[in-house]
Every structure is written in structure tokens, then in C-alpha cells.
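Undergrad: Output the structure for:
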Amino acid sequence: MKHTLAVLALNKPGVLARISGLLSRRVFNIESIAAGYTEDSDISRITIVVNGDDQELDQVMKQLSKLVDIIKVQELFKSGSIDRELVLIKVKADSARRSEIVDIVEIFRANIVDINRETVVIELSGGEEKINAACAVLEDHGIVEIVRTGKVSIGRGPGAAKHFLEENDQ
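TA: Residues are numbered from 1 along each chain as shown. Sure, this is the predicted structure:
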């Protein structure tokens, strides 16, 4: 079963390495991992998608919480969060097929970000299903290269980092 974890960590060197090391020791395959600054530059948010059963996940979350520089670990559920991925897709696009590719781009509300005589590069953001569907349609045109960010996810409601900081200021 896929699980999405949101990890708030102090923005210090080595944190990501410790997290991935712990997950690999627990034989969890990281399906995707995305990290970046939050609204507070001292805190990073790391979104991790892993496969595993609920009992294993519970143990991993407890162990992650004990790592140095980890502030908070929580599982995000589809119903209580918003998630997106970004993908760049380079597709073969000779002049005869270019208009058909432009139509596909419009259907998926994507953007063409580069074009030359042989290929176009398409930028698309959305949920995993939308990106998978676009890739499936574009396969007929000859995908040359794909780069995906992996999932970033945010819970609905008050911000986790802000909420944590407000709790600790009291």
C-alpha cells in the first residue's frame, strides 16, 4: 500500500541522508521524495511516498520522529490533502504530427516549453493519474525522455510548520 509522509525537519546538512538511510535499512522502497523550504527558511518539508503495510509504516514513522533535526512526521491521506507532481516530457514531433500533440497538450492543460524540428518539451502538473494518462497518450508519438518530480503534498487547513512554531512559542 502507498503511503505519503510529510516530514518537517530543521534545514541542516545531512537530514535527507539520515532519512533515506533509515528507510533503506527498514527495506522501504522510496517511490518519490521531494524536499524544499517552507514558509520558515529554517525548516524544510520533505514529502516521501513509500510502499509498505500499516504496521511497518507505524514503526518507520516512530523511528523517523526520533532522528536528530526532525520536528514532525505525519501521514497525509488523500481525503485530507492536496498533491501534485510536475513532469517534463520530451516527445518526437515532426511537422506532420505537431498539431496533434498541441491538441493533446491543450486537453491536459499542459504547456509546451520548448520546440525544435524534431521534438517538443511539454510541462504538466497535476495528480499522478493525470500525469500517467498524459504519458500513455503521448507514448503513441514517441516519448524521448521524461523527468518527474515526484509527489508534493500539503494538508488541508492550518499550516503544519506554522502550527508547530505557534505551539512551541507558548
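
Undergrad: list the contacts for the residue nearest to the spatial centre of the chain?
TA: Centroid-nearest residue in the chain: Lys151, 1.7 Å away (criterion: C-alpha atoms, centre = their mean). With contacts defined as C-beta atoms under 8 Å, 6 or more residues apart in numbering, Lys151 is in contact with 4, 32, 34, 47, 49, 83-85, 128. The C-beta positions use only the backbone N, C-alpha and C, and glycine is treated the same way.

Undergrad: and of the residues you listed, the nearest to Ile146?
TA: The closest of the contacts of Lys151 to Ile146 turns out to be Glu85 (C-beta to C-beta; 11.3 Å).

Undergrad: Work out for me the element that closest one sits within.
TA: For Glu85, the host element (DSSP states H and E) is strand 81-92.

Undergrad: Which strands and helices lie in contact with that strand?
TA: strand 119-126, helix 128-138, strand 143-148, strand 152-155 (3 or more C-beta pairs under 8 Å, 6 or more residues apart in numbering; DSSP states H and E).
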